[in-house]
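Participant: what's the 3D shape of this:
(chains A and B)
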Amino acid sequence: MKTMKVSFNVNSEDVTLDVRPYETLLETLRERLFLTGAKEACGLGACGACTVIVNGIPLRSCLVLTPEVEGATIMTVEGLREDGNLHPLQETFMEKGAVQCGFCTSGMIMTAKALLDRNKRPTKKEIVTTISSNVCRCTGYKKIVEAVEEAAKRMA
Amino acid sequence: MKDDLNIVGKRVVRSDSLAKVTGEARYTADLTFPGMLVAKVLRSPYPHAKIVGIDVSKALKVPGVKAAISGFDSYGVKWGVFRYTQDHAMLHTDKVRYIGEDVAAVAAVDEETAMEALARIKVDYEPLPAVYDPMESMKDGAPQIHDQYKNNINIHIHIDVGEVDRVMEKAYLVREDTFKAAGEAYAMMEPYAVVACFKSGYLDLYMPNAGPHVRAKALSNMLRLPLNRVRIRHINSGGAFGGRSEVAPGDLVASLLTMKSGKPVKLVLSREENATSSRQVHDMIATVKTGMKKDGTILAKDFRVIYDGGAYSSTGPIATSIPFYVYEECYRFPNVRYNGYRVFTNKGIRGMYGCHGRAFLAGNEAQMDMMAKELGLDPVDVRLKNGLKPGEMTATRSKITSCGLKETIVTASEKTNFRKRWAKPSRLKGVGMGCVAIMCGFPMGFRSGSSCYVKINDDGQVTLVTGLVDNGQGNESMVVQVASEVLGVPMRDINLVNADTEVTNLDPGAYSQAAAFVGANAVRVACEDARGKIVAIAAEKLKVKVKDIGLKDGAAYSLKNPDKKMPISWVVREAFFRGEPITGTGSFFPNIDFEREWVTRPWGQMAGTFSFGTSVAEVNIDGETGKIAMPRFTSAHDCGRAINPMAVEGQMEGSIQQAGVAAITEGNLWDKGYLLNPNLLEYKVPLACDMPDMDTIIVSSRDPAGPFGAKEGGLTVRMNAYSAVACAVANATGELFSELPLTPDRVMKMLERKKGVK
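Facilitator: Reported below is the predicted structural model:
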């Protein structure tokens, strides 16, 4: 099968891979790099469980073809810890009880991180609007919103 | 019961959450094993067809294909929860009964190869007439879906208490209404997946499930393997909500493929397959007739409920009964008749969504409000008047022990200024209240109880072994918290081995709302057993009386002189020297009447205890569009005692989403046998922006038998939130709903009906 060579940086590590031309970034991350934190829950961009940050922008990795990310800098949930310390969002998601089954959690945290990276003091409404791109079936979102608000405070 | 608890009742960080926020938590689809194959399933394109032949030989010739199977490779053993409902072979040789049904499958080195091989499987079908509507299905002459069920009636539950007809005639006010509701999609975030590895005669399986022991038993029957040869392993579960309680067709498919190929096999369903071919929720038609006294006392209820059962029995008699029970466990019905019919149609396989039954429950509650209005009564008073009290018996003879129903009604109504607002609703604004009770466990034979083993390790850390399952609601953390309380060991030093059939003992699973009341109770008892042994040695060593020993922060200490202490690890080492390592066993078996049978003897004690809850919805209706806005939602839940209040609130908030907001947005749409909205673009799971402000109130009734007084933690909201919404819409419009979800078109019809426009 014909493959393409693609190079990018993921979680501060340069990688070069031979991938199928139609391979999604989600498949590459999960199956070639064993970064399984991003989940496939819908496969058509409706739920956000596969969200990763590509060049600072939260993207649904199920809708991105790997050959498109040539030269890109990618961060997945596995790359969030710094020097072994949890990211404030990871701490507050735990402390506020924003995690139940956990299947949406990686995508939810990455979506929230991209928000806090571009907007240090988001209003509650901005948080609600932003995370409305992601589906959670368990929590009713209240504790997720609280966790993002608290993380923003800690990062300020 | 002591109330100075160290950790139970605290808002603790769940023990499973670190792995989940770092992406390290493994779910089934994340697993890889050396040589693992990818499985794909060929599904029926017909709602009803005879299978003339299946030829997988061409698929096997595709390079990279290691196995191809159909029903002809299976033993044809039919699954059913009860002997009288065994009708689901999961891979068939005679006919298919719904679109999306599993017909054949392949395992190959990669997905592309598997897809190519699927295309080469040849199936000859002879299409048969099909039926999609349960009312049509019950008629004489309708296509017969299973030979053994006349008129396609899978189950008829008949309950008759008192003298319904005679009392109904004497009632001051009688009202009869019919309510419909579409089944919801479970829409758990994790699509169904299963990994199966057959090696040296042992079959290891990973899949999201609500009860590993029940699953292993079913598969051992279907695969004709001894029970110990089928081992369900622990894996994280991305949500279940009642949809993963039973063995799944994919389990059989993956098992046959690994047994045939000798290699590990992974089957991951797409979101669409998860909707069409895992389980769906019953559509329902409920006719509710109520006779009331002038003062609002319910004299009699007469119910006729039709459940669209899809193609197979599934939990048949349980699903046909449960909506009735969660209602009779809440209110006093001196005379009541229930006729529940579960009817087959050529649609997908079904399960219970929580305790399911929104047409029935919301219908009852909304009708009660209309009757209260007609009698000039306040719905809060009507609920208080008819609500069961501690010590009372339900109509089918379950004794209610701890009961905070009254407190939930009072608190929820006071917090929302309910009485005043209900009596004088502003234009197109309304408030509504829903109440319900939930059984914490129900009869499941010897699987109704749970057993736990605990060992204290030489470093003073603890290992718990229990069959208890976590589908995301926090059961694992809950039992760690309970063990921490009993043993005085911090939660981080407690290791949990659970939901693995090889090493754990029986447990009801995350099914029948039994995890807190039954599973955690067994953990408590086992830890108390171990605690006794720790305390005995510590008392001896510290020269203190046994009753004066406390355990806290990993140390045993004198209650009278806290400086006198020793680490639990020292106690454990001493125990090893004595050749009596510190272990504990414990079990809990709830007080259930095991003579109870769903069809033949529907009376007796249903469960060890019941939880109670009240929800209040506030709605604003747009008169131009019929769109409902829900600014605020209040729920009060009696969970006995909240082991982790944060987790209980999370269950309540999630329930407001899954039942409250869902009452205006969610429902499966069908065109005959085709599910029209199988994906998450077309099926609207409420988003953060759709949520009301939520106020959750935990009411503690301290159950005498529950672990530290606990009962199930939040399901009442799942079963009363839609009632609150339906009642609020009735309050705003003056009209009863006829069908859920309350989409704008249906609300417009209600408004037009009110105006007298056709």
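Participant: Could you report the neighbour count for the residue in chain A that chain B sits nearest to?
Facilitator: Using Cβ to the nearest Cβ, the closest approach of chain A to chain B is made by residue A:37 at 2.2 Å. (Each C-beta comes from the backbone N, C-alpha and C, glycine too.) Per other Cβ atoms under 10 Å in any protein chain shown, the neighbour tally for residue A:37 reads 25.
Participant: Could you do residue B:387 as well?
Facilitator: Residue B:387 has 20 nearby residues by other Cβ under 10 Å.
Participant: again, but for residue B:529
Facilitator: If we define neighbours as other Cβ under 10 Å, then residue B:529 has 18 of them.
Participant: what kind of secondary structure is the residue nearest to it when sequence neighbours are not counted in?
Facilitator: Distances taken as Cβ to Cβ, 6 or more residues apart in numbering or on different chains put residue B:584 closest to residue B:529, at 3.4 Å, once the chain neighbours are dropped. Secondary structure for residue B:584, judged by DSSP: H, G, I helix; E, B strand; the rest coil, is strand.
Participant: Report the contact partners of the residue of the stretch 151-300 of chain B found nearest chain A.
Facilitator: Going by Cβ to the nearest Cβ, chain A is nearest to residue B:238 of the stretch 151-300 of chain B, at 3.3 Å. Residues near residue B:238 by Cβ atoms under 8 Å, 6 or more residues apart in numbering or on different chains: A:39, A:41, A:101, A:102, A:103, B:27, B:188, B:189, B:190, B:208, B:472.
Participant: Give me the secondary structure label for the fourth one.
Facilitator: State at residue A:102, reduced to three classes by three-state DSSP: coil.
Participant: and the closest residue to it other than its chain neighbours, what pLDDT?
Facilitator: Leaving aside its sequence neighbours, residue A:102 sits nearest to residue B:20 (Cβ to Cβ, 6+ apart; 3.3 Å). For residue B:20, the pLDDT comes out at 98.
Participant: what does residue B:758 give?
Facilitator: 51.
Participant: can you list contacts of the strand or helix carrying residue B:694?
Facilitator: If you go by DSSP states H and E, residue B:694 is part of strand B:693-699. Residues outside strand B:693-699 that contact it (Cβ under 8 Å, 6+ apart) are A:140, A:142, B:404, B:407-408, B:411-412, B:415, B:612, B:631-639, B:642, B:645, B:648-649, B:652-653, B:656.
Participant: now stretch B:671-685
Facilitator: A:41-42, A:44, A:46-47, A:135, A:137, B:47-48, B:98-100, B:130, B:132, B:185, B:187, B:271-272, B:275-276, B:280, B:346-348, B:665-666, B:668-670.
Participant: Point out the ones among those that are inside strands.
Facilitator: Using DSSP state E, the subset of the contacts of stretch B:671-685 located in strands is B:280, B:670.
Participant: can I see the domain layout of the chain?
Facilitator: Just going to use chain A. A:4-79, A:88-155 (automatic domain parsing).
Participant: meant chain B actually
Facilitator: Using automatic domain parsing, chain B is parsed into the domains B:17-24+B:449-588, B:31-128+B:189-239+B:245-277, B:280-443+B:595-755.
Participant: so of those domains, which one's packed in deepest?
Facilitator: domain B:280-443+B:595-755 (a mean of 23; mean count of other Cβ atoms under 10 Å in any protein chain shown).
Participant: which SS state does the residue in chain B that chain A sits nearest to fall under?
Facilitator: Relative to chain A, the nearest point of chain B is residue B:23 (2.2 Å; Cβ to the nearest Cβ). When classified by three-state DSSP, residue B:23 comes out as coil.
Participant: State the distance from it to residue A:79.
Facilitator: When distance is defined by Cβ to Cβ, to the nearest Å, residue B:23 is 9 Å away from residue A:79.
Participant: contacting residues for residue B:65?
Facilitator: Residue B:65 neighbours (Cβ under 8 Å, 6+ apart): B:59, B:106, B:107, B:108, B:113, B:114, B:117.
Participant: which residues pair with it across the strands?
Facilitator: Beta bridges link residue B:65 to residue B:108, judged by DSSP bridges.
Participant: where's the closest residue to residue B:505 other than its chain neighbours, which helix or strand?
Facilitator: Sequence neighbours aside, residue B:451 is the residue nearest to residue B:505 in space, at 3.8 Å (criterion: Cβ to Cβ, 6+ apart). In the assignment (DSSP H and E), residue B:451 maps to strand B:450-456.
Participant: so what secondary structure elements neighbour that strand?
Facilitator: strand B:462-466, helix B:475-487, helix B:520-542, helix B:568-577, strand B:583-588 (3 or more Cβ pairs under 8 Å, 6 or more residues apart in numbering or on different chains; DSSP states H and E).
Participant: if you set the cut-off to 6 Å instead, what comes out?
Facilitator: Secondary-structure packing of strand B:450-456 (3 or more Cβ pairs under 6 Å, 6 or more residues apart in numbering or on different chains; DSSP states H and E): strand B:462-466, helix B:520-542, strand B:583-588.
Participant: Export those to CSV and append columns for distance to residue A:94 and mean pLDDT.
Facilitator: Putting the helices and strands packed on strand B:450-456 into CSV (distance: least, Cβ to Cβ, whole Å; pLDDT from 0 to 100) gives the following:
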stretch, distance to residue A:94, mean pLDDT
strand B:462-466, 21, 98
helix B:520-542, 21, 98
strand B:583-588, 29, 98
